[in-house]
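J.: Requesting a structural model of the entry that follows:
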Amino acid sequence: MSPSSADVATLAGFIFTTSGYLEEAVEQSEKAMVLNPNYPSLYLGNLGYAYRLAGRMDEAIAAFKAYDARSPGFGLVDLVIIYQQNGQPDEAKRTAKRLLAARRDFTIASWLKTQVIRNAARLEADTAALRAAGLPAG
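T.: Model prediction:
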């Protein structure tokens, strides 16, 4: 298989995630990483996002930490959301500070412009978690 097949799989995973087909999203995102063992760091973000929305928080945390390790500052928004929504507000605030140190121009408003998920309740809950962790509204 060519690495481009992996790119197609990760794109399919992202589309499944944003459309609410979470098991399919996880399957395609994991498949992409098998097809291209030298995958770009973005694959970790897509996988983490699929895991997070599927409720697989431990796996999501691991994926987002790996994403941040390879692309500093990325994956931290989702970690803030996970920690805040799972009753770890101190960890959410620590991660928010790391996010702002790595990405000084981050605001909730700019983040919202990048969101394509159709589930309005999910988006509002995620936005509320970012606000509660002290991230700037923008």
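J.: For stretch 44-60, give the mean pLDDT please.
T.: In this model, stretch 44-60 has an average pLDDT of 97.
J.: Kindly check the end-to-end length of it for me.
T.: Chord length of stretch 44-60, first to last residue, is 9 Å (C-alpha to C-alpha, to the nearest Å).
J.: hey, C-alpha coordinates of the helix or strand of the chain with the lowest mean pLDDT in PDB?
T.: Ranked by mean pLDDT, DSSP states H and E, the weakest helix or strand in the chain is helix 3-19, scoring a mean of 91. This file holds the C-alpha atoms of helix 3-19, laid out as PDB (Å, rounded to 0.1, in the frame of the first residue of the first chain):
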ATOM      1  CA  PRO A   3       1.300   6.300   1.900                       C
ATOM      2  CA  SER A   4      -1.400   8.100  -0.100                       C
ATOM      3  CA  SER A   5      -3.800   5.200   0.900                       C
ATOM      4  CA  ALA A   6      -3.100   6.200   4.500                       C
ATOM      5  CA  ASP A   7      -3.900   9.800   3.700                       C
ATOM      6  CA  VAL A   8      -7.300   8.700   2.300                       C
ATOM      7  CA  ALA A   9      -7.900   6.500   5.400                       C
ATOM      8  CA  THR A  10      -7.100   9.400   7.800                       C
ATOM      9  CA  LEU A  11      -9.300  11.800   5.800                       C
ATOM     10  CA  ALA A  12     -12.100   9.200   5.900                       C
ATOM     11  CA  GLY A  13     -11.600   8.900   9.600                       C
ATOM     12  CA  PHE A  14     -11.900  12.700  10.000                       C
ATOM     13  CA  ILE A  15     -15.100  12.800   7.900                       C
ATOM     14  CA  PHE A  16     -16.600   9.900   9.900                       C
ATOM     15  CA  THR A  17     -15.700  11.600  13.200                       C
ATOM     16  CA  THR A  18     -17.400  14.900  12.200                       C
ATOM     17  CA  SER A  19     -20.400  13.100  10.900                       C
END
